[in-house]
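Novice: Sharing a model that was predicted from the sequence below.
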Amino acid sequence: MRNASTIRATLRLVLPAVLLWGTAPAQQSAPYDVVIKNGMILDGTGNPFFIADVAIRGERIAEIGTVDATRARRVIDAKGMYVTPGFIDMHSHSGSRDGAILHPEGRKALNSITQGITTEAINPPWPVAEQIAKYRAGGFALNEVVSVNFGEIREMVMGLANRPPTAAELERMKNLIKQGFREGARYVFVNLENGIPDRFALTDELVEIAKTVSELQGYYDTHQRSEGITPIWYHPSEQDHNPASHSPVVDGIEAVHETIEIAERSGARVVGHHVKVKGPNFWGASRAYVQLMDRARARGVQVYFSIYGYTSYGNWPNVAVIPQWALVDPDVPDPRILRGIPNPYRNARRNLQRVLADSSLRRSLLVDIEHEFTKAGGPQRLLLVEYPDPRYAGKTLQEIADLRNEDPVETLIWLQLNGDNRPGGGGWRALDTDDIDVEHFIQQDYVAYVTDGGMIVPGEGYPHPRYYGTFARFIRRYALDRQVVKLPFMIRGMTSLAAQIIGLKDRGLLREGYYADINVFDPVSIRDRATYMNPHQYSTGFKYVLINGTLVLDDGRPTGALPGKILTGPMTDSHP
């Protein structure tokens, strides 16, 4: 009996090992879905490239090294091309109230995948759970990191009140943020320059919000309070001054001080997104920004920037070269707050004529126009993108004034009176930033990359070319051609740095076991093609793009696949 018992006990110990030994070869011989051969691997760490193969099974990277391609269903020869992690767009408008993620063509993200973007951070309307359900119902190409919109929850709690919150109001806002994180959000989005009521919040309130974000293991992403000599909304005439909508008037350096203070006092990861220096009389201020950031980071403050590399801002050509107060009806309670007013510029011509006929108002108008000229760098840096008379589209204000033999101010007023009922009479862009600052920013190791655009419906309107070209432009212009930074360093900012800020633990690097978000691009042909006047042009050079192991770009051709996921955070109630 003892011998039989001994035999049974021995079998219980030995059989599992035999079974495991027997299954190992079967697992090893399972075919790969895709093998990328002979590529120059930039793994996202910032290290120089090495030659290797990347094998993908299902959604993940199975092996990096010398891979037996005979076991692959699909082999991609990447000889002479770079293989990188998929790029992460740290600030996108795809999920906003009018975002393209819900459009059957927009959700394919052709403009994004053709510049190597595989993940983006978006700012959906409230409630978070409802928006995520809508996104999932239709599918989408990119991975999405979702935010809680601070301005929206502040308005839910306080309306448009321009004052600090009460203790009860602050607690309710914090609870709404916690709800949003339970529903899938990873960060809080704040717009302190353009956003109403966001910009009514002062630093102490924002510190408390950021503390909550830190407790939830998220990050705080902010459009800083100013990016030039004054905030975008400020008019020196103060014809539109209303204490109910007035906010601190600061310059870009003071705005960076505030961003750092919020990070330092809260302990949160804080990003000043799409950092820029606007206006020739402010160019070079990147040096001051960087000194402040370096000192803060030396103290242990988790503060970052993100950037796009163009000379103009704004999703659409809507620079207010003529101030709003001169165009809206005089009975509008506050020209700075036009939400809820249908077609506020319907009487723009008549209202401007009324202002011009009043000597006092005319002087105020000229003061504000000169201020816009100063911020932009003069009429030679104001570009008219769209206008009813096509003769003027594509020209600067100075060029149009020269054609008409007029002073630029007179020309601007004529264009307003003879154009559309919108500020400036047409679509204007200010070409008010410069490479002197872009190049300084991208040399810093805490700077990630953004489009400040996102998915778009091809062919609609005059969007900023950044929707189509940001990442390709940075690689071509600043890394390969001008060599401002080394390519591995730039790829790191587009991948692992962004993943670190967001808190993504299995993306942003080429590692075995990580999700297969992968780009294969040709360093010779990579370039952006979109321009201010012809923005709907795809970037070139990206041959293959995989998202979660699925090809969305195959030999340069979109596949139409929608493999994207919502990348929910650690506080989400469930993690589908």
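Specialist: It's in. Everything numeric in this text was worked out from a predicted model, so none of it was measured. Numbers count the residues shown, from 1 in each chain.
Novice: Now do the same contact list for residue 407.
Specialist: residue 401 (C-beta atoms under 8 Å, 6 or more residues apart in numbering). The way it works is simple: take the backbone N, C-alpha and C, and place the C-beta from them, glycine included.
Novice: and the gap between it and residue 369?
Specialist: 11 Å (C-beta to C-beta, to the nearest Å).
Novice: Repeat that for residue 229.
Specialist: Taking C-beta to C-beta, one finds residue 229 at 16 Å from residue 369.
Novice: go on, residue 347?
Specialist: Applying C-beta to C-beta to residue 347 and residue 369 gives a distance of 20 Å.
Novice: Excluding sequence neighbours, find me the nearest residue to residue 160.
Specialist: residue 197 (5.2 Å; C-beta to C-beta, 6 or more residues apart in numbering).
Novice: Test my guess that the one you found contacts residue 153.
Specialist: No - at 10.1 Å, residue 197 and residue 153 do not qualify as touching, with contact defined as C-beta atoms under 8 Å.
Novice: What are the phi and psi values at the spatially most central residue of the chain?
Specialist: Nearest to the mean C-alpha position of the chain, by C-alpha atoms, centre = their mean, lies residue 91 at 2.0 Å. When read as degrees, to the nearest 10, the backbone of residue 91 gives phi -160, psi 110.
Novice: and it, what does it touch?
Specialist: By C-beta under 8 Å, 6+ apart, the neighbours of residue 91 are 121, 221, 273-274, 306, 450-452.
Novice: Among those, which ones are in strands?
Specialist: 121, 221, 306 (DSSP state E).
Novice: Please indicate which of those has the highest neighbour count?
Specialist: residue 121 (31 neighbours; other C-beta atoms under 10 Å).
Novice: in the sheet, who's paired with it?
Specialist: residue 145 (DSSP bridges).
Novice: which residue packs closest to residue 555, ignoring adjacent ones?
Specialist: Closest to residue 555 by C-beta to C-beta, 6+ apart is residue 543, at 6.1 Å.
Novice: For the residue nearest to residue 160, list the residues it contacts.
Specialist: 151, 154-155, 158-162.
Novice: of the residues you listed, buried ones?
Specialist: 151, 154-155, 158, 162 (16 or more other C-beta atoms under 10 Å).
Novice: Go through these and say which is closest to residue 82.
Specialist: residue 151 (39.4 Å; C-beta to C-beta).
Novice: secondary structure element for the closest one?
Specialist: Assigned by DSSP states H and E, residue 151 belongs to helix 150-158.
Novice: now what about the next helix or strand after that helix, what contacts it?
Specialist: Using DSSP H and E, the helix or strand that follows helix 150-158 in sequence is helix 167-182. Outside helix 167-182, the residues within contact range by C-beta under 8 Å, 6+ apart are 126-128, 147-148, 150, 153-154, 156-158, 165, 185, 188, 205, 208-209, 212-213, 216, 218, 569, 571-573.
Novice: Tell me which of these fall in strands.
Specialist: 147-148, 188.
Novice: okay, those in a markdown table with neighbour count, distance to residue 530 and pLDDT next?
Specialist: As requested, these are exported to a markdown table (neighbours: other C-beta atoms under 10 Å; distance: C-beta to C-beta, whole Å; pLDDT from 0 to 100):
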| residue | neighbour count | distance to residue 530 | pLDDT |
| --- | --- | --- | --- |
| 147 | 24 | 26 | 98 |
| 148 | 31 | 31 | 98 |
| 188 | 26 | 30 | 98 |
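Novice: Now do the domain split for this structure, please.
Specialist: 1-29, 84-313+433-509, 324-430 (automatic domain parsing).
Novice: among these, which is the most enclosed?
Specialist: With neighbours taken as mean count of other C-beta atoms under 10 Å, the domains of the chain reach their highest mean count in domain 84-313+433-509, at a mean of 21.
Novice: which residues in the stretch 1-150 of the chain form strands?
Specialist: 34-41, 50-57, 60-65, 75-77, 82-85, 87-89, 117-122, 143-149 (DSSP state E, counting those that start in this stretch).
Novice: Include distance to residue 250 when you put those strands into a markdown table, please.
Specialist: Output for the strands of the stretch 1-150 of the chain, formatted as a markdown table (distance: least, C-beta to C-beta, whole Å):
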| stretch | distance to residue 250 |
| --- | --- |
| strand 34-41 | 45 |
| strand 50-57 | 47 |
| strand 60-65 | 46 |
| strand 75-77 | 51 |
| strand 82-85 | 37 |
| strand 87-89 | 28 |
| strand 117-122 | 25 |
| strand 143-149 | 23 |
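Novice: Which one of those strands lies nearest to residue 560?
Specialist: strand 117-122 (15.7 Å).
Novice: what does the closest one rub up against?
Specialist: With C-beta under 8 Å, 6+ apart, strand 117-122 has contacts from 86-96, 99, 101, 109, 112, 142-147, 186-187, 221, 451, 454-455, 471, 498, 502, 504, 507, 517-519, 545-547, 567.
Novice: Tell me which of those residues fall in helices.
Specialist: 112, 471, 498, 502 (DSSP state H).
Novice: Return the closest of those residues with respect to residue 352.
Specialist: Within the ones in helices among the contacts of strand 117-122, proximity to residue 352 (C-beta to C-beta) peaks at residue 112, which comes in at 39.4 Å.
Novice: surely the closest one meets residue 141?
Specialist: Yes - counting by C-beta under 8 Å, residue 112 touches residue 141, with 7.4 Å between them.
Novice: Need the overlap of contacts for the two.
Specialist: residue 455.
Novice: re the thing from before, by mean pLDDT, show me the worst of the domains of the chain.
Specialist: In terms of mean pLDDT, the lowest-scoring of the domains of the chain is domain 1-29 (a mean of 44).
Novice: and residue 100, what does it touch?
Specialist: Residue 100 neighbours (C-beta under 8 Å, 6+ apart): 94, 106-107, 454-457.
Novice: closest to residue 493 among these?
Specialist: residue 454 (18.7 Å).
Novice: wait, that closest one sits on residue 89?
Specialist: Yes - checked against C-beta under 8 Å, the pair residue 454 and residue 89 is within contact range at 7.0 Å.
Novice: quick one: average confidence on stretch 528-536?
Specialist: 97.
Novice: and that stretch, how far apart are its ends?
Specialist: 11 Å (C-alpha to C-alpha, to the nearest Å).
Novice: now do stretch 338-351
Specialist: From start residue to end residue, stretch 338-351 stretches across 16 Å - C-alpha to C-alpha.
Novice: now that stretch: how far from the chain's centre is it?
Specialist: 30 Å (C-alpha atoms, centre = their mean, to the nearest Å).
Novice: do the same with stretch 504-524
Specialist: 20 Å.
Novice: Keeping just the C-alphas, turn it into PDB.
Specialist: Extracted C-alpha coordinates of stretch 504-524, given in PDB (Å, rounded to 0.1, in the frame of the first residue of the first chain):
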ATOM      1  CA  LEU A 504       0.400  54.300 -19.500                       C
ATOM      2  CA  LYS A 505       2.400  51.300 -18.300                       C
ATOM      3  CA  ASP A 506       2.300  49.100 -21.400                       C
ATOM      4  CA  ARG A 507       2.600  51.600 -24.200                       C
ATOM      5  CA  GLY A 508       5.100  54.200 -25.400                       C
ATOM      6  CA  LEU A 509       8.000  51.700 -25.800                       C
ATOM      7  CA  LEU A 510       8.900  48.800 -28.000                       C
ATOM      8  CA  ARG A 511       9.000  46.000 -25.400                       C
ATOM      9  CA  GLU A 512       8.000  42.400 -25.500                       C
ATOM     10  CA  GLY A 513       4.600  42.200 -23.800                       C
ATOM     11  CA  TYR A 514       3.700  45.800 -24.600                       C
ATOM     12  CA  TYR A 515       0.700  46.600 -26.900                       C
ATOM     13  CA  ALA A 516       1.700  46.700 -30.500                       C
ATOM     14  CA  ASP A 517       1.200  50.400 -31.300                       C
ATOM     15  CA  ILE A 518       4.000  50.700 -33.900                       C
ATOM     16  CA  ASN A 519       5.100  53.000 -36.700                       C
ATOM     17  CA  VAL A 520       7.300  52.200 -39.700                       C
ATOM     18  CA  PHE A 521       8.500  55.200 -41.600                       C
ATOM     19  CA  ASP A 522      10.900  56.200 -44.300                       C
ATOM     20  CA  PRO A 523      13.400  58.900 -43.200                       C
ATOM     21  CA  VAL A 524      13.800  60.000 -46.800                       C
END
